[in-house]
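Q: Only the shape, not the letters, is given here:
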């Protein structure tokens, strides 16, 4: 199945069932260098529809302390963009269905070379790429290479995004739109509150693009996930999961954490009437 | 008046360098800032208020001083010092913060944040915040807080809150990350005073515009005092604001060579340095594309320099453009050479230079030695060394 179709069919199926996609985020290589693939399978078993895999970067400007520290630990363990791609390759040996999105910052991709990155990512079965510090204005080359390789460049929309920018972003968007649920960094504060303004922005992006909209940043538990599931087509849970995984000493513990943390979130989201 | 040249272009690029590599949350704020700046940089009222502050608050113009004893001692070209160390707060940094504070007020922001390495930009930001009655938070790496204790206390005296940054290498680059995170979170209420010619567009342009007063004055002064342009310009480069401030008004004087001096730390071959233009390659960091220091996986490297203000793995995009175009040349001076120049200038001229500026002095001496006595080497003495007295004493095993 081609990359774009994996995302498309995932959201198609969920839409037919009137369910919201659960997208857990993990930092590749944390809490263990070689456990990411097992954790990815665990995420799917626990109800994940799409997996967001973080590429560790030394200077993650948009991330809060949880993901900063996870990235630092992963880099110390020798994790790099190369090993992240290898993880996706290994994951695909046993899972051809669940879309995988890579999330990170531009410099590691720039160092590898955009052409090589796009080709390798397509070859291992990456479905989408979200680069936090690469807005549409600076993404022309990377985006065209990714699209050519059949990979979506996932676009962010923030609470500060103007209507003009929403149109600019919508013009090139593929895969889904990622709505940043709070003004701030990942995992911040008391968490994100869904409000009328968010609802309006999510609807606008849906109308402009015809694409599903995911909400993320600051969504921490079953309650807030359910709240956002009312508005969005997908909910991303990152820092709250990474915090719990950080304490795991082995894959068995990680498996338990994933199961016990995601199960109530999955149930709460599935109980939302769309 | 500012140079209204075409660099950067409307999208904020110097050739392939610069740009706006930031998260979507900041794009609207940068657009607002850019609109305001493109208007204000040509607004006579704004510019005259800025000039007024430079004269009566900063104490400009700063003198261009002929360092005769130093020149004699070196035995080559005449060394001229642009005395930015005599500015209020002791460095060129105040030129920029005075300007950005006016800009913050224009945008209706009452809270300012800043990152700082050596603490000079933090002090300069805290100073203008105190003057305009604004709340001020300064992010500073834990390592730098230790080595620049006096500046930390100065900022606190001025009413600023200094927040210690422990992530990464706990130096300037990490302070910048943390300031960006604050800005993303408080973007409605907060103005981010970036201290160097890096960061996303329009910062490299506006910080340059505010610091270009250095080069405009120097150009006028050297012509008035010597009847001609100098034979070389020398300035140290961390992020590159004092160097751009000196270089920019001379860019079209192609007969005047320009030398940017990076920190070679413990030696370029040791890997423990902060010389991205001399040894690095192009990448993306802190909102812009420019030369930087990273490993083969694209992770930003930890840097080393005896001077906190040069201890930064990136550099402003205009410097990358000047390097590639061949208009400026970039060289490196190590810790030992800088310390030697620190003592030399202090003993021959009674001027205690900042360790950052000591790098420029060291290279200027090398350069002057290779030139005849009728040549002029103009050095930007970007800051004074009072803040570095403890560092120097510690390095030399002296307990104060």
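A: Looks like it arrived, so ask away. This one's a predicted model, so the numbers in the text were calculated from it and none came from an experiment. Numbering: from 1, shown residues only, chains lettered A, B, ... in the order given.
Q: pLDDT of the longest helix anywhere in chain B, averaged?
A: The longest helix of chain B (DSSP state H) is helix B:24-40. Helix B:24-40 carries an average pLDDT of 95.
Q: Helix, strand or coil: sort out residue B:333 for me.
A: Here residue B:333 is recorded as strand under DSSP: H, G, I helix; E, B strand; the rest coil.
Q: Same question for residue A:73.
A: Relying on three-state DSSP, one would call residue A:73 helix.
Q: Skip the chain neighbours and tell me the closest residue to it.
A: Closest residue in space to residue A:73, ignoring its immediate chain neighbours: residue A:30 at 5.3 Å, by CB to CB, 6 or more residues apart in numbering or on different chains. (Glycine included, C-beta is placed from N, CA and C.)
Q: list the contacts for the one you found?
A: By CB atoms under 8 Å, 6 or more residues apart in numbering or on different chains, residue A:30 lies in contact with A:56, A:70, A:71, A:73, A:74, A:77, A:79, A:242, A:245, A:246.
Q: can you count the residues close to the fifth one?
A: To tie it back to what came earlier, the one meant is residue A:74. By other CB atoms under 10 Å in any protein chain shown, 25 other residues sit near residue A:74.
Q: My read is that it contacts residue A:28, right?
A: Yes - contact criterion CB atoms under 8 Å: residue A:74 and residue A:28 qualify, at 6.3 Å.
Q: what touches both of those two?
A: residue A:56.
Q: Residue of the stretch 201-350 of chain B nearest chain A, please.
A: Here the stretch 201-350 of chain B gets closest to chain A at one residue, residue B:298, 3.4 Å apart by CB to the nearest CB.
Q: For that residue, report the pLDDT, please.
A: pLDDT for residue B:298: 98.
Q: Would you mind measuring from it to residue B:200?
A: Distance, residue B:298 to residue B:200, using CB to CB, to the nearest Å: 19 Å.
Q: Looking at these two, which has the bigger crowd around it?
A: The neighbour comparison of residue B:298 against residue B:200 (other CB under 10 Å) goes to residue B:200, with 27 against 24.
Q: For the residue of the stretch 201-350 of chain B closest to chain A, give me its contacts.
A: A:57, A:81, A:107, A:108, A:109, A:110, A:111, A:112, B:283.
Q: likewise residue A:117?
A: Contacts of residue A:117 by CB under 8 Å, 6+ apart are A:81, A:109, A:145.
Q: Mind doing that once more with 7 Å?
A: Residue A:117 is in contact with residue A:109, counting by CB atoms under 7 Å, 6 or more residues apart in numbering or on different chains.
Q: Which helix or which strand is home to it?
A: Residue A:117 belongs to helix A:114-124 when assigned by DSSP states H and E.
Q: helix or strand right after that helix?
A: Downstream of helix A:114-124, the next assigned helix or strand under DSSP H and E is strand A:128-131.
Q: Go ahead and confirm residue B:293 touches residue B:299.
A: No - assessed by CB atoms under 7 Å, residue B:293 is found out of contact with residue B:299, at 10.1 Å.
Q: Identify all contacting residues around the helix or strand where residue B:262 lies.
A: In the assignment (DSSP H and E), residue B:262 maps to strand B:258-265. Residues outside strand B:258-265 that contact it (CB under 7 Å, 6+ apart): B:232-237, B:240, B:243, B:247, B:250, B:272-275, B:277-278, B:304-305, B:307, B:310, B:319, B:327-335, B:359-360, B:363, B:367.
Q: Show the end-to-end separation of stretch A:13-29, please.
A: 31 Å (CA to CA, to the nearest Å).
Q: got it, and stretch B:381-390?
A: Terminal-residue distance, stretch B:381-390 (CA to CA): 20 Å.
Q: Run the chain-centre distance for it.
A: 14 Å (CA atoms, centre = their mean, to the nearest Å).
Q: What are the buried residues along that stretch?
A: Residues of stretch B:381-390 classed as buried: B:381, B:382, B:383, B:384, B:385, B:387, B:388, B:390 (neighbour count, 16 or more other CB atoms under 10 Å in any protein chain shown).
Q: Inside helices: which ones of those?
A: residue B:390.
Q: For chain A, tell me which of the buried residues of stretch B:381-390 show up nearby.
A: Near chain A, judged by CB under 7 Å from any CB of the partner chain, there are no entries from the buried residues of stretch B:381-390.
Q: Residue A:178 falls within a helix, correct?
A: No - assignment of residue A:178 by three-state DSSP gives strand, placing it outside any helix.
Q: Bridged to it, which residues?
A: Note on residue A:178: beta-bridge partners by DSSP bridges are residue A:156, residue A:214.
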